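Asks: Coordinates for the following, if possible.
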Amino acid sequence: MLEFALFLAVFVAVIFPVGKYLYHIATNQKTFCDPVFDRFDGIIYRICGIDDCDMNWKQYVLALLATNAAMIFVGYLILRIQFIPFFNPNGIGGMEASLSFNTIISFMTNTNLQHYSGESGLSYLSQMVVIIYMMFTSAATGGAVVMAFVRGLADQGVGLGNFYRDLVRNITRVLLPLSIVVALVLVWQGCPQNFSANVTVQTIEGKYQDIAMGPIASLVSIKHLGTNGGGFLGANSTTPLENPTVFTSMLEMLSMMLLPGAFVVMFGLMVRDRRKKSGETRSWSMGSEARPVFAVMFAIFLIGLSVCYLSELAGNPRLEQAGLSQDMGSMEGKELRFGIAQSSLFTTVTTSFTTGTVNNMHDTLTPLGGMVPLFNMMLNLVFGGEGVGLVNMLLYVILTVFICGLMVGRTPEYLAKKVEGREMKLTALCIIIHPLLILGFSALAVSVPDGLAGITNPGPHGLSQVLYEYASSAANNGSGFEGLADNSVFWNVTAGLAMFFGRYLSIVLALAIAGSLMAKQAVSESAGTLCTDSGTFTISLFMVVMIIAALTFFPALILGPVAEHMILWG
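Replies: Modelled structure (predicted):
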């Protein structure tokens, strides 16, 4: 408990300065690093012909989609021709068509779902030019979206900003410097960073083993900071080559949590600016409007961590019946150097912040322990990935405002803007897309022969594997219950579609909502205006999130992890 408390205290402490820094970037205010980064940004702007004009939401969306489409095309081509002897000392062959489709969509959507084993499936050229590059650009795209969305809510400027400038500034001023620092720390701790071929060594048993080499530290740093999650190695952060020590495990978890948490602080500061313009002079460290958002996110995170930890600590009764001691809890699929506490914390963090990296095998978690990461991805708003979680939570805030407004018979208002029919239709559509993708594709998978062929467990756990695959895809997480045989045309294509629509449909609808609210005239607060920074509203928001989650996912969870738990402990 002390370990959890100290770690979370560090997390809360660091997000405030980083959130303020993101606030300065989002509002084009001066920062301490401007003398250095202004030069780099200026060069990029001149080469690419980027101006400083604000975009409306349609222009912003078109710029985002066009940029991402170009990167998808180039990345797909490289994966197909990676067999060429260029940065390919291990002689990796070209990637199959459906797997290339799944992989390129996966990394461009910030999902990093891997239906291949990293060290044997990609050349160093693909690891650097496709994987690491897209880890930067996909994360920066998410950062740009949340900045634009909050500008729309906070009524900052005449448009949502300039996508190209937001993309560049998120890379050069946030992701790149932070990833360099983290990569150097990882190298110091023992993480490889080279371009050497794999090394074959003789083990103490007298057998031979290949030790993976390559630019591992640079990928591991950005995969966590950008909430990407794809491992250079198939075993991901379980292996000492990606995660050498307990210190690096803590560092990697903090890297995942840093920017999603800081974006909540940024949101509060930007909304505070709007209040100041309207004559309000109060000041908050986070911003009063951000407090309910942070409180609900943090509460759900703590509940999930507690359930996962206690479930794993309880052990597996079947193993105990077989004569295996469960005094240490359920250690199946876990590293001894991390144990129950570090594994449970890592599992909860990586799925709350939708990163997808793992330091233990999620498929071997106890039923309720495995339900926690599954439920986190079904919600997709417990901090979430690079800005995504905040946008999703703010959609639930709008929904809560609307429901509470109907209960008292008033036109709902949020941040001095009336929430009317258009905004609610878009919000409802945006919220319902996520469960539709998860449950729709899961139903398809258990109904057709190609889907059933990938399920390795015929019981409730098999359904959990299917639900986890599509929840991870739609939430752009990337982790998996790896017992699923998912490297087939069916699973590659359907998971790719879930990732694609889960990412871009949500972005388009969210920016449309921001553009609609920004176009409205601000209204003055009155005695009947709903207070959205109170404890009552925080509880209401929490209940709306839980009720929507229960209505959409409860039957599926009952048939999967809950049924498995009752069988196991029956």
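
Asks: in which helix or strand would I find the residue nearest to F500 when sequence neighbours are not counted?
Replies: The spatially closest residue to F500, leaving aside those adjacent along the chain, is I105, at 5.3 Å (CB to CB, 6 or more residues apart in numbering). The C-beta positions use only the backbone N, C-alpha and C, and glycine is treated the same way. I105 is part of helix 97-108 when elements are defined by DSSP states H and E.

Asks: ok, and what's touching the next helix or strand after that helix?
Replies: On the C-terminal side of helix 97-108, the closest following helix or strand by DSSP H and E is helix 118-121. Helix 118-121 is contacted from outside by 90, 92, 95, 114, 127, 198, 212, 214, 230-234, using CB atoms under 8 Å, 6 or more residues apart in numbering.

Asks: which one of those residues is nearest L509?
Replies: G230 (26.3 Å; CB to CB).

Asks: circling back to that earlier point, so which of the contacts of helix 118-121 sit within strands?
Replies: Using DSSP state E, no member of the contacts of helix 118-121 sits in strands.

Asks: Need those in TSV (columns: neighbour count and pLDDT).
Replies: Below are the contacts of helix 118-121 laid out as TSV (neighbours: other CB atoms under 10 Å; pLDDT from 0 to 100):
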residue	neighbour count	pLDDT
N90	16	83
I92	18	86
M95	25	88
Q114	27	85
Q127	24	85
N198	15	86
A212	20	85
G214	27	86
G230	26	80
G231	28	81
F232	27	84
L233	20	84
G234	16	80
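
Asks: from those residues, which single one is nearest G535?
Replies: Of the contacts of helix 118-121, the one sitting nearest to G535 (CB to CB) turns out to be G230, at 39.9 Å.

Asks: For L113, see how far away that closest one is.
Replies: Remark: distance between G230 and L113 (CB to CB, to the nearest Å) = 8 Å.

Asks: hey, what's in contact with both of the two?
Replies: Joint contacts of G230 and L113 (CB under 8 Å, 6+ apart) are S106, G356, G478.

Asks: Can you turn the buried part of those into a ChimeraX selection?
Replies: Here is the ChimeraX command that selects the buried residues among the shared contacts of G230 and L113 (16 or more other CB atoms under 10 Å):
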select :106,356,478
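
Asks: For G515, grab the count of nearby residues.
Replies: 21 (other CB atoms under 10 Å).

Asks: Distance-wise, check M566 relative to N376.
Replies: Look at M566 and N376: by CB to CB, they are 22 Å apart.

Asks: same deal with S516?
Replies: In terms of CB to CB, S516 sits 30 Å off from N376.

Asks: F542 now?
Replies: Distance, F542 to N376, by CB to CB: 15 Å.

Asks: ok, these two, which is more surrounded?
Replies: More crowded of F542 and N376, by other CB under 10 Å: N376, with 29 against 18.

Asks: and the more buried one, what helix or strand is that in?
Replies: helix 367-379.

Asks: Show me what that helix is packed against.
Replies: Identification of packing neighbours for helix 367-379 by 3 or more CB pairs under 8 Å, 6 or more residues apart in numbering; DSSP states H and E yields helix 290-314, helix 339-352, helix 421-445, helix 460-474, helix 535-557, helix 563-569.

Asks: Same list (these) but as a markdown table, adding mean pLDDT.
Replies: Converted to a markdown table, the helices and strands packed on helix 367-379 look like this (pLDDT from 0 to 100):
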| stretch | mean pLDDT |
| --- | --- |
| helix 290-314 | 95 |
| helix 339-352 | 94 |
| helix 421-445 | 95 |
| helix 460-474 | 94 |
| helix 535-557 | 94 |
| helix 563-569 | 93 |
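
Asks: Which stretch among those helices is buried most, on average?
Replies: With neighbours defined as mean count of other CB atoms under 10 Å, the helices and strands packed on helix 367-379 peak in mean count at helix 460-474, which reaches a mean of 27.
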